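Chemist: Prediction below, plus the sequence it came from.
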Amino acid sequence: MSATAPLHPVWGKALGLEFAAPPPSVLASVTAPDASDGWQPISALTSRPGAPVAIKKRLGPHLWISTTVRPGDPRYPSAHQA
C-alpha cells in the first residue's frame, strides 16, 4: 500500500504504510533554517553568560510570541554563550 498523506515516517512504519522516496531535487531544495529563525532577544541588557534569555518572534504586524531559552537551545543568542 502506498500512502501520499503527509505522515511522519515513524507513524507510517507503525501503521504498516510504505512511502515512496521523494525525488532528489526535492531533497536538494530543502535547506536548514537559520538557527535563530527570526527570534531575537527581548532585553538589550546582557545578563551573565549562560543565564536563561527571554526571546521574541514577530508573527504579524502587532502579534509577537515570546519564550525563554537556556544554553544548548539553537535559538540561544550567541552573544550570551558562556
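Modeler: Structure received.

Chemist: Could you point out the helix or strand that follows the lowest-mean-pLDDT helix or strand in the chain?
Modeler: Least confident helix or strand of the chain, by mean pLDDT, DSSP states H and E, is helix 24-29 with a mean of 47. Downstream of helix 24-29, the next assigned helix or strand under DSSP states H and E is strand 40-41.

Chemist: I'd like to know which elements that next one is packed against.
Modeler: Applying 3 or more CB pairs under 8 Å, 6 or more residues apart in numbering; DSSP states H and E, one finds that strand 40-41 contacts strand 53-60. The C-beta positions use only the backbone N, C-alpha and C, and glycine is treated the same way.

Chemist: The strand it packs on - what's its average pLDDT?
Modeler: Throughout strand 53-60, pLDDT has a mean value of 90.

Chemist: tell me the average confidence for the next helix or strand after it?
Modeler: Stepping forward along the backbone from strand 53-60, the first helix or strand reached (DSSP H and E) is strand 63-69. Strand 63-69 shows a mean pLDDT of 91.

Chemist: partners of strand 63-69, with directions?
Modeler: strand 53-60 (antiparallel) (DSSP bridges).

Chemist: Only the buried residues of the partner strand, if you could.
Modeler: Neighbour-count burial for strand 53-60 flags 53, 55 (criterion: 16 or more other CB atoms under 10 Å).

Chemist: and residue 65, what does it touch?
Modeler: Counting by CB atoms under 8 Å, 6 or more residues apart in numbering, residue 65 touches 56-57, 59.

Chemist: bridging residues for it?
Modeler: Per DSSP bridges, residues listed as beta-bridge partners of residue 65: residue 57.

Chemist: Quick check: the gap between it and residue 73.
Modeler: 15 Å (CB to CB, to the nearest Å).

Chemist: now do residue 7
Modeler: 27 Å.

Chemist: and the nearest residue to residue 37 once chain neighbours are set aside, how many neighbours does it have?
Modeler: In space, and not counting its chain neighbours, residue 37 is closest to residue 75: 6.9 Å by CB to CB, 6 or more residues apart in numbering. Residues near residue 75, counting by other CB atoms under 10 Å, number 18.
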